[in-house]
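Asks: prediction below, plus the sequence it came from.
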Amino acid sequence: MPITPHLPAEFLRRMEADPMMADCQSWIFSKDFQVTRWNIVEIGVEEGPDQSVRIDVPPSDVLYAYKSGQIHRAAMNADPLHLCEIIRLGADMNLKDSNGLTALQLAMECLLCSAFIPSNQLKRIRFIARTLIEQHVDIEYAPDTLTPLHSACLARDWELIELLLHHGARTTTPGLRHPADLLTSASDKERFRNLEKTPKTRPPQPCPCWSGKLLADCHAVDQPYPDTFYCICGSKRQYGKCCKKRGKLYFHRWNTEERYLKVKFQYDLGDALQLLGGRGSTQEIADAQMISMPRKFLPSETLSEEETRRFLERIRDGMQPKGLIEPAYGYAMQKLQFLPR
């Protein structure tokens, strides 16, 4: 059976073409991780992120003794694709192992030995650290009195120093040395002080589905579960060839409190499927379901202004040009800004 990573095809293609990946055999293509992927997809629906994402690595792995998670393994092995897929599958990005280290801390510790690390591997470690920082992990956590900013200064890694400061990393923490004290030259200290003076607001989080969009423009609202991903029913078949054919629609949405992409369901799509004549994407079928419902059953009270705007845009730009909705009906919806039922 072919292995299908839960990553966008274009993102995967671009990552594999990156020179830093030339000598990296990602674990996401292994048979062992295929089993892990199936278990996560099947079990994670009701429970949120599957426990195997958080604590399970093979007993033969050196990280097993430290109760590490898949995300720690990705950091230690300098495996960007593993990191990105395990985040999409629901890993706790701030998970601590039994030594109290997060994946970001592990990556930063590796950078302290940069003189002994091959060039491509070093680039992958930096990618992992940068990705975690941009995903809004905790950048103030300080096991062994070192925050990520302290470690970046010790490693004299200006790319990460600037990124951490740009994301609002504190430079004064009670009980900890000032990060600039770990820089050895006067010019480096001055450079740090100049960077420190600029007020920072943490940039918005990129969507952890790796679409290239910001989270606010993507999975902050419901997005269709990809047809090529494995079905959550446990069949080990692609969703588009499994439950979707039986009228079960799955969606992903970012869970703000637990910080992972959570799956939700929609069932009983007979009216919607009939409306589209068996055609249409997952999103179009779901939109058709909303149109075909009596108004009292529509989730209007739960739709934000942004969700309503996007819904009407999909009707205008997607369903109307394809002839999936009556033109006059679609026009009325756009004009009145609501479902005319």
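Replies: Perfect, I can see it now. Every value quoted in this text rests on a predicted model; they were computed, and no experiment measured them.

Asks: quick one: the helices in the stretch 51-200 of the chain, in order.
Replies: Listed in chain order, the helices of the stretch 51-200 of the chain (DSSP state H, counting those that start in this stretch) span 51-55, 70-76, 80-88, 103-111, 119-134, 148-155, 158-166, 186-197.

Asks: contacts for stretch 106-115?
Replies: 72, 75-76, 78, 101, 117, 122, 125-126, 128-129, 132, 146, 148, 151-152, 154-155, 157, 160 (Cβ atoms under 8 Å, 6 or more residues apart in numbering). Where you see a C-beta, it was placed from the backbone N, CA and C, and this is true even at glycine.

Asks: same thing but at 7 Å, please
Replies: Under the criterion Cβ atoms under 7 Å, 6 or more residues apart in numbering, residues 72, 75-76, 117, 122, 125, 128-129, 148, 151-152, 154-155, 157 lie in contact with stretch 106-115.

Asks: can you check stretch 11-20 too?
Replies: The contact list for stretch 11-20 (Cβ under 7 Å, 6+ apart) reads 5, 21, 80, 81, 120, 123, 124, 127, 210.

Asks: number of residues surrounding the closest residue to the fourth one other than its chain neighbours?
Replies: So the one you mean is residue 81. Leaving out its chain neighbours, the residue that sits closest to residue 81 by Cβ to Cβ, 6 or more residues apart in numbering is residue 26, at 4.1 Å. With neighbours defined by other Cβ atoms under 10 Å, the count for residue 26 comes to 21.

Asks: one more: residue 258?
Replies: Residue 258: 11 surrounding residues under other Cβ under 10 Å.

Asks: state the distance from residue 29 to residue 229.
Replies: 16 Å (Cβ to Cβ, to the nearest Å).

Asks: got the domain boundaries for this protein?
Replies: Domain segmentation of the chain under automatic domain parsing yields 9-197, 269-341.

Asks: tell me the SS of residue 312?
Replies: Secondary structure, DSSP: H, G, I helix; E, B strand; the rest coil: residue 312 is helix.

Asks: least trustworthy helix or strand in the chain by mean pLDDT?
Replies: Taking mean pLDDT, DSSP states H and E as the measure, the chain has helix 270-276 as its least confident helix or strand, at a mean of 46.

Asks: if we ignore the residues flanking it in sequence, what's nearest the residue nearest the centre of the chain?
Replies: In the chain, the residue lying closest to the centroid (Cα atoms, centre = their mean) is residue 208, at 1.8 Å. Closest residue to residue 208 apart from its sequence neighbours, by Cβ to Cβ, 6+ apart: residue 87 at 5.1 Å.

Asks: in contact with that neighbour, which residues?
Replies: 93, 135, 208.

Asks: any idea which of the helices of the stretch 51-200 of the chain gets closest to residue 244?
Replies: helix 80-88 (19.1 Å; Cβ to Cβ).

Asks: between the closest one and helix 119-134, how many degrees?
Replies: Orientation check (axes from the mean of the first three to the mean of the last three Cα atoms, to 10 degrees): helix 80-88 against helix 119-134 gives 20 degrees.

Asks: let me know the average pLDDT across stretch 140-155.
Replies: The average of the pLDDT scores along stretch 140-155 is 93.

Asks: give the buried residues for it.
Replies: Neighbour counts over stretch 140-155 (16 or more other Cβ atoms under 10 Å) mark 141, 142, 146, 147, 148, 149, 150, 151, 152, 153, 154, 155 as buried.

Asks: what comes into contact with that stretch?
Replies: For stretch 140-155, using Cβ under 7 Å, 6+ apart, the contacting residues are 100-102, 104-105, 108-109, 111-112, 114, 139, 160-161, 164, 169-170, 173, 176, 179-180, 182-183.

Asks: now with 6 Å, please.
Replies: If you take Cβ atoms under 6 Å, 6 or more residues apart in numbering as the criterion, stretch 140-155 is touched by 100, 104, 108, 111-112, 114, 139, 160-161, 164, 169-170, 176, 179, 182-183.

Asks: filter the residues you listed to the buried ones?
Replies: For the contacts of stretch 140-155, buried by 16+ other Cβ under 10 Å: 104, 108, 111, 139, 160, 161, 164, 169, 176, 179, 182, 183.
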